[in-house]
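Enquirer: test case, fold it:
(one chain, ligands or ions: 1)
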Amino acid sequence: SVYWFEDRFVAKEEVLVSPDDRGYYFGDGVYEVFRVYGGKLFEPGAHFERLARTADGIRLPLPYSIERIGRKLEELVEANALREGTVYLQITRGSAPRSHPFPPDAKPVALAYCTEVPRPVAAMEAGIALAAVPDIRWLHCDYKTLNLLPNVLAKQQALDAGASDAVLHRDGIVTECSASNVMIVRGGTVITHPANNLILHGVTRGVVLRLARAAEIAVEERPFTLEELYGADEAFITGTTVEVTPVVAVDGRAVGGGAPGPVTRRLQREFAAAIG
Ligand code: PDD
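Expert: Here you go, the predicted model:
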C-alpha cells in the first residue's frame with residue numbers, strides 16, 4: 001500500500017522514521033482517524049478543524065496548510081483505490097536528540113496511510129458490553145494527541161474483564177470510552193458529556209447530535225453518572241470506527257433490558273442515511 005510520508009507518496013518499506021522522532025520519545029504529536037465511505041473522506045472539515053485546534057493547543061506548527069493536507073489525503077485514498085476504510089494521519093514535532101524543550105531546528109514529520117475496514121455491522125446489530133474504568137487521563141482530553149497510554153490500558157482492562165470496551169469515569173461521572181464517545185437515553189432524551197476539556201469532541205458525536213436534533217429527539221449535553229448509565233433506557237457509543245454502536249451491558253448488568261433500544265435504532269438509520 002502507498003503511504004504519504006514527508007510529503008511524498010512511497011511504499012511502506014520506504015517510510016524511514018528516525019529513532020529521534022519526538023513522537024517515539026514523548027508522544028509529542030497529533031493525529032486524526034478519518035472514515036472513508038465510497039472512496040470519499042467523511043466530514044473532512046470537522047476533522048481538519050480539530051487537527052488545527054489540537055496542533056495549536058500543543059504549539060505544534062503544521063508543516064503544510066490544511067488545504068494541502070486535505071488534497072494529499074484525497075490523493076492517498078485514490079492511490080490506494082480505497083472505498084471503505086480509514087485514513088490515519090499523524091504529525092509529530094519532528095526529530096532531535098532526546099531533550100524535553102522544543103527543538104529549535106526540528107521540522108514536523110507527517111505520515112498518513114489507509115486501511116481497508118468494513119463497517120462494524122455485527123456489533124451495530126447486536127450491541128456491546130462495556131466495563132467501567134477510572135479515567136486517569138490528563139486535563140486536555142479535547143486534544144487528539146499521540147499520548148494514548150491511559151486509553152490503551154483502559155481498553156485492555158475492559159477486554160480482560162470480558163467486555164468490548166472501557167467506559168471511563170472521573171469520580172463516577174462518565175466521560176467517554178477508550179476511542180469513542182458515549183451517550184445514554186433517558187425518557188426519550190439523548191444525554192452526553194459536554195464538549196469541554198474532559199472529552200474528545202468526536203466528529204461522529206457532532207454528527208449524531210445534529211441528526212438527533214433534526215429528528216426532533218431532545219438532546220442534553222450534561223455530565224451524567226455511572227448510576228445513570230446503569231439505569232439508562234438505552235446507551236450507545238459513537239466514533240469513526242464504531243459509528244453508532246448500541247451498549248447492552250455495563251459491568252455485567254443489562255442496560256435497557258439488554259437489547260438495542262428504539263432511539264438508538266433510529267439514530268443508526270439516520271446515520272446510515274447521512275453517510276450515503
Ligand atoms: N478515536 N473519544 C476518544 C478518546 C477517541 O479516541 C475517539 C476517536 C473518539 C471519537 O471521535 P470521532 O467520532 O471523531 O472518531 C472519542 C479514533 C478513532 C482512534 O483513536 O482510533
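Enquirer: confirm that residue 184 sits in a strand.
Expert: Yes. Under DSSP: H, G, I helix; E, B strand; the rest coil, residue 184 falls within a strand.
Enquirer: that one touches residue 232, doesn't it?
Expert: Yes. Proximity of residue 184 to residue 232 meets the contact threshold set by C-beta atoms under 8 Å, at 3.9 Å. No exception for glycine: its C-beta is placed from N, CA and C like everyone else's.
Enquirer: ok, residue 161 - how many residues close by?
Expert: By other C-beta atoms under 10 Å, the residues close to residue 161 number 15.
Enquirer: coming back round to it: between residue 184 and residue 232, which is the more surrounded one?
Expert: residue 184 (24 against 20).
Enquirer: next, the contact list for that one, please.
Expert: Residue 184 makes contacts with 190, 191, 192, 224, 228, 229, 232, 233, 234, 235, as judged by C-beta atoms under 8 Å, 6 or more residues apart in numbering.
Enquirer: any chance you could map the helices in the stretch 101-250 of the chain?
Expert: For the stretch 101-250 of the chain, the helices defined by DSSP state H, counting those that start in this stretch occupy 121-126, 149-160, 203-214, 226-230.
Enquirer: can you put those helices in TSV and add mean neighbour count and mean pLDDT?
Expert: Formatted as TSV, the helices of the stretch 101-250 of the chain follow (neighbours: other C-beta atoms under 10 Å; pLDDT from 0 to 100):
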stretch	mean neighbour count	mean pLDDT
helix 121-126	13	98
helix 149-160	16	98
helix 203-214	19	98
helix 226-230	17	98
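Enquirer: closest to the ligand out of these?
Expert: Nearest to the ligand, of all the helices of the stretch 101-250 of the chain, is helix 203-214, at 3.2 Å by C-beta to the nearest ligand atom.
Enquirer: need the residues that contact the closest one.
Expert: Against helix 203-214 from outside (C-beta under 8 Å, 6+ apart): 42-43, 46-47, 50, 180-181, 183, 190, 192, 195, 219, 221, 238-240, 242-244, 267, 270-271, 274.
Enquirer: same check, this time on stretch 83-91
Expert: 23, 29-39, 41, 51, 55, 60, 62-63, 69, 73, 76-77, 108-119, 146, 240-241.
Enquirer: and these near the ligand, which?
Expert: Restricting the contacts of stretch 83-91 to those near the ligand by C-beta under 6 Å from any ligand atom leaves 33, 240, 241.
Enquirer: quick one: which of those is most hemmed in?
Expert: Most neighbours among those, by other C-beta under 10 Å: residue 240, with 20 neighbours.
Enquirer: what about it, distance to residue 112?
Expert: Distance, residue 240 to residue 112, using C-beta to C-beta, to the nearest Å: 15 Å.
Enquirer: check residue 94 too.
Expert: Where residue 112 is concerned, residue 94 sits at a distance of 16 Å (C-beta to C-beta).
Enquirer: distance from stretch 233-247 to the middle of the chain?
Expert: Once both centres are worked out by C-alpha atoms, centre = their mean, to the nearest Å, stretch 233-247 turns out to sit 12 Å from its chain's centre.
Enquirer: next up, phi/psi of residue 265, please.
Expert: Main-chain torsions, residue 265, degrees, to the nearest 10: phi -60, psi -40.
Enquirer: so for it, what's the pLDDT?
Expert: In this model, residue 265 is scored at 98, pLDDT.
Enquirer: now for it, how many residues are close by?
Expert: 15.
Enquirer: and if you look at residue 65?
Expert: Considering only other C-beta under 10 Å, residue 65 is surrounded by 9 other residues.
Enquirer: residue 81 too?
Expert: Per other C-beta under 10 Å, the neighbour tally for residue 81 reads 11.
Enquirer: columns distance to the ligand on top of the helices of the stretch 101-250 of the chain, output as TSV?
Expert: Shown next, in TSV, are the helices of the stretch 101-250 of the chain (distance: least, C-beta to the nearest ligand atom, whole Å):
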stretch	distance to the ligand
helix 121-126	14
helix 149-160	6
helix 203-214	3
helix 226-230	16
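Enquirer: do the helix or strand residue 90 falls within and the ligand meet?
Expert: Here residue 90 sits within strand 85-92, counting by DSSP states H and E. No. If you take C-beta under 6 Å from any ligand atom as the test, strand 85-92 misses the ligand, and the best it gets is 7.6 Å.
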